[in-house]
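Q: Structure here, sequence nowhere to be found:
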C-alpha cells in the first residue's frame with residue numbers, strides 16, 4: 001500500500017498542518033475516491049489518528065482514501081463554525097480540481113464522503129443548502145456532481161436537541177465551536193436540498209454509543225426522507241441495528257467496515 005502524507009490543500013503564506021491531507025492507495029487506476037473526515041467535537045483529533053481505518057478501507061474496497069485535517073476550535077482561538085466545514089469544502093475543491101498534480105489513482109468525478117460525529121454535521125452543512133446562514137459553504141456544481149454517496153456515523157445534526165439531552169456539552173465544546181448564538185439556525189435537520197443533490201445517504205448509529213444518542217440519527221434520517229419525498233427509498237438509508245460498540249470504537253470494528261463497503265459497492 002502507498003501512503004502520501006501532509007499534502008497541502010490550502011496555500012497560504014505559511015504551512016498549515018491543519019489544512020493538509022493524507023492519501024492512501026494501492027494501484028494507479030481511475031477508481032472512486034473515499035474521503036474520511038474525522039470527528040472530535042470540532043476541537044480535537046488528527047488525520048493520523050485514523051490511518052488504520054484508512055488502510056482498512058483501502059483493503060476492503062480497493063478504492064483510494066483521503067483523510068484531511070481541518071482547523072479546530074480550541075477554546076483559546078477564534079475558529080468557529082463554519083470555519084471547520086469551510087476547510088473541508090476547500091479540501092473537496094482541491095481534490096476535484098487539482099487531480100493532474102496528484103497521483104493519478106482516483107477519478108475526481110466520483111467521490112464518497114464519510115463523516116463521523118461532528119464531521120457529519122460539517123458534511124451535511126456543505127451538501128445540504130445552508131447558504132442562508134453559511135454562504136461560504138456553498139459548493140461548486142462539480143462537487144455536487146462528483147459526490148456519489150455520503151456515509152454519516154454517530155452524527156450531530158440537531159444541536160438544539162443535543163444540548164437539551166446533554167447540557168454539559170455546551171461548555172465542553174458547543175460554545176467553543178459555535179459561540180453563544182441560538183443554535184437552531186445551524187441544525188442540519190432544518191436544511192433543504194441543493195438543486196443538484198441526487199446522491200445517496202447512509203446514516204449509521206451504534207446501539208452502544210453513549211456520547212451521541214440515537215435520536216440525532218433518527219431525526220436526520222426522517223428529515224432526509226421528507227426532503228427526498230417519493231425517491232427517499234433510493235436515496236436515504238439507515239443502519240442502527242447492527243453496531244453495538246462505543247462512539248469511536250465502531251471505527252476499528254469489522255462490522256462498520258462491512259457496512260461502509262457494502263454501501264459503496266452497491267453503486268459499482
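A: Everything's here; your move. None of these values were measured; they are calculated from a predicted model.
Q: Show me the strands in the stretch 1-150 of the chain, by range?
A: For the stretch 1-150 of the chain, applying DSSP state E, counting those that start in this stretch gives strands covering 2-8, 20-25, 31-37, 65-68, 106-116, 128-129, 147-153.
Q: Identify the spatial nearest neighbour of the residue most central in space within the chain, chain neighbours not counted.
A: Nearest residue to the geometric centre of the chain (Cα atoms, centre = their mean): residue 115, 2.7 Å. Spatially, and ignoring its direct neighbours in sequence, residue 115 is nearest to residue 123 (4.3 Å; Cβ to Cβ, 6 or more residues apart in numbering). Yep, even glycine has a C-beta here, placed from its N, CA and C like the rest.
Q: circling back: please report how far the residue nearest to the centre of the chain lies from residue 26.
A: 24 Å (Cβ to Cβ, to the nearest Å).
Q: Now for the residue nearest to residue 92 when sequence neighbours are not counted: which residues touch it?
A: Nearest non-adjacent residue to residue 92, counting by Cβ to Cβ, 6+ apart: residue 143, 5.2 Å away. Taking Cβ atoms under 8 Å, 6 or more residues apart in numbering, we find residue 143 in contact with 89, 92-93, 96, 111.
Q: what's residue 215 in contact with, if anything?
A: Residue 215 touches 158, 161, 165, counting by Cβ under 8 Å, 6+ apart.
Q: what do you get for residue 64?
A: 23-26, 31, 33-34, 58, 105-106.
Q: Quick check: nearest residue in space to it, chain neighbours excluded?
A: residue 25 is the one closest to residue 64 (Cβ to Cβ, 6+ apart), at 3.6 Å.
Q: ok so, going back, can I get the contacts of residue 143 in a markdown table with pLDDT and distance to residue 62?
A: Shown next, in a markdown table, are the contacts of residue 143 (pLDDT from 0 to 100; distance: Cβ to Cβ, whole Å):
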| residue | pLDDT | distance to residue 62 |
| --- | --- | --- |
| 89 | 98 | 27 |
| 92 | 97 | 22 |
| 93 | 96 | 26 |
| 96 | 91 | 21 |
| 111 | 97 | 16 |
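Q: Can you turn the buried subset of these into a selection I can paste into ChimeraX?
A: With 16 or more other Cβ atoms under 10 Å as the criterion, this ChimeraX line picks the buried residues out of these:
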select :89,92,96,111
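Q: Please convert the contacts of residue 143 to TSV, extending it with distance to residue 5.
A: Below are the contacts of residue 143 laid out as TSV (distance: Cβ to Cβ, whole Å):
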residue	distance to residue 5
89	22
92	19
93	21
96	21
111	20
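Q: Residue 137: which of the contacts of residue 143 is nearest?
A: Nearest to residue 137 among the contacts of residue 143, counting by Cβ to Cβ, is residue 89 at 5.9 Å.
Q: Skipping adjacent residues, who's closest to the closest one in space?
A: residue 126 (5.3 Å).
Q: go on, residue 12?
A: residue 19 (8.0 Å).
Q: you'd agree the one you found is up against residue 70?
A: Yes: with contacts defined as Cβ atoms under 8 Å, residue 19 counts as touching residue 70 at a distance of 6.9 Å.
Q: Can you point out the buried residues in stretch 120-136?
A: For stretch 120-136, by 16+ other Cβ under 10 Å, it's 120-130, 133-134.
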